[in-house]
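Undergrad: quick one, what's the 3D model for this:
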Amino acid sequence: MAAARGDSRMTTRPPRQRVVLGRRRGARLVRTRVEVTEQTAVGAALVDGLVRAQLALAVRSAIVAVGLLGAIPLLTALVPGLPTANVLGVRLVWLLLGGVAFILLYLVGRRYVQAAERIEREFTSLVGE
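TA: Have a look, this model is predicted:
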């Protein structure tokens, strides 16, 4: 081309480089992060998905906790000797309500926190921060 324009200098062009869009991994992450930050329609959909996932987890955890805790009074009503049974001088019902209930709540809470952190990690990896 330099010779076609009358330019006597000989320029060497760098070899052509093939552009493949699949290798650009950072552009998608930046775009997603910007969409969440600027609250575009896509960003709002991503945040709504996060909120929905956390709400579903909270509802499931509450149902499990209420179901397990509700089973204790139901158990005392169905088993005739349970309300009067003693263990080490303490009624078994109080041990169930005091000990088992707290253990159940702790385990449900621990499982909830682990699952909520997993959901947040997945969202963060999706957004790319």
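Undergrad: what's the single longest helix in the chain?
TA: Counting residues, the longest helix in the chain under DSSP state H turns out to be helix 41-78.
Undergrad: ok, and for it, which residues are buried?
TA: G43, L46, L50, A53, Q54, L57, S61, A65, L68, L69, I72, T76 (16 or more other CB atoms under 10 Å). To be clear about C-beta, it is placed using only N, CA and C from the backbone, and glycine gets the same treatment.
Undergrad: list the contacts for A101?
TA: For A101, the contacting residues are L69, I72, by CB atoms under 8 Å, 6 or more residues apart in numbering.
Undergrad: quick check, pLDDT for it.
TA: For A101, the pLDDT comes out at 87.
Undergrad: the one 4 residues further on too?
TA: Model confidence at L105, given as pLDDT, is 90.
Undergrad: pull the helix or strand with minimum mean pLDDT from this protein.
TA: helix 26-37 (a mean of 57; mean pLDDT, DSSP states H and E).
Undergrad: which stretch of helix or strand covers I103?
TA: Secondary structure from DSSP states H and E places I103 in helix 101-127.
Undergrad: what angle sits between that helix and helix 41-78?
TA: Interaxial angle of helix 101-127 relative to helix 41-78 (axes from the mean of the first three to the mean of the last three CA atoms, to 10 degrees): 170 degrees.
Undergrad: how about A85, phi and psi?
TA: When read as degrees, to the nearest 10, the backbone of A85 gives phi -70, psi 140.
Undergrad: thinking it is in contact with L96, fair?
TA: No - using CB atoms under 8 Å, A85 is not in contact with L96, being 10.1 Å away.
Undergrad: which of the two has more neighbours?
TA: L96 (17 against 13; other CB atoms under 10 Å).
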